[in-house]
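Asker: one predicted model, sequence on top.
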Amino acid sequence: MKENDLLISNRSGCYTVTVSGRANFEYAVPLRDLARSTAEFSAFCFDMKNCTAMDSTFMGVLTMLALKARKSGLVIDICNANETLKKLLRDLGVAKLFNFKELETNSEGVDSSEKRDLLTTAETVEEAHRALADLNPENAEKFKDVIEFSHQDVERLKEQNKDK
């Protein structure tokens, strides 16, 4: 991830996340941290105008955020997503969690590109794929190996960290 590929801004509980380039597991960690730390929000918009692709970890964290929003009666807006991005979300059965809009957005946010440790990344990969599997049973089969391998990574990294 290059600097400024993921920008997060918050104005009075209205979050705008601007995504550029290939949204992958590196983008997922700051978003998972945001999902965990944000007690309440009034709106969430992902500006995907400059996003060229998404991996399943990123889509899993989007799903985690959408499920959290749903508990508050909110729906996350995905703005300016191209047809390829929409299809990726439809194919995983999670598109129904989002409102798709074409909007002009302007984000001046906080750079979220700081390096994350390997354990946090592995935990994020596992959580994101579990969210996809929990939401759509077809995804459980698709991602069972990813979930298992990432879980093994988490356990291995915890063990390594204990030894330090």
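Answerer: Structure's in. What do you need? If you're wondering where the values come from, they're calculated on a predicted model, not measured in any experiment.
Asker: chain center to the host helix or strand of T124, what's the gap?
Answerer: For T124, the host element (DSSP states H and E) is helix 118-135. Offset of helix 118-135 from its chain centre (CA atoms, centre = their mean, to the nearest Å): 10 Å.
Asker: quick one: low-confidence parts of this protein?
Answerer: In the predicted model of the chain, residues 1-4, 39, 104-116, 164 satisfy pLDDT under 70.
Asker: mind listing what the lengthiest strand in the chain pairs with, with the direction of each?
Answerer: Across the chain, the strand with the greatest residue count (assigned by DSSP state E) is strand 43-54. Based on DSSP bridges, the strands next to strand 43-54 in the sheet, each with its direction, are strand 14-23 (parallel), strand 76-79 (parallel).
Asker: need the residues that contact it.
Answerer: 13-24, 62, 65, 69, 74, 76-82, 84-85, 88-89, 103, 105, 107 (CB atoms under 8 Å, 6 or more residues apart in numbering). All C-beta spots, glycine's among them, are computed from the backbone N, C-alpha and C.
Asker: list the buried residues in the helix holding T124.
Answerer: Counting neighbours by 16 or more other CB atoms under 10 Å, one finds that the buried residues in helix 118-135 are 121-133, 135.
Asker: same thing with stretch 77-91?
Answerer: Using 16+ other CB under 10 Å as the burial criterion, the residues of stretch 77-91 that qualify are D77, I78, C79, N80, A81, L85, L88, L89.
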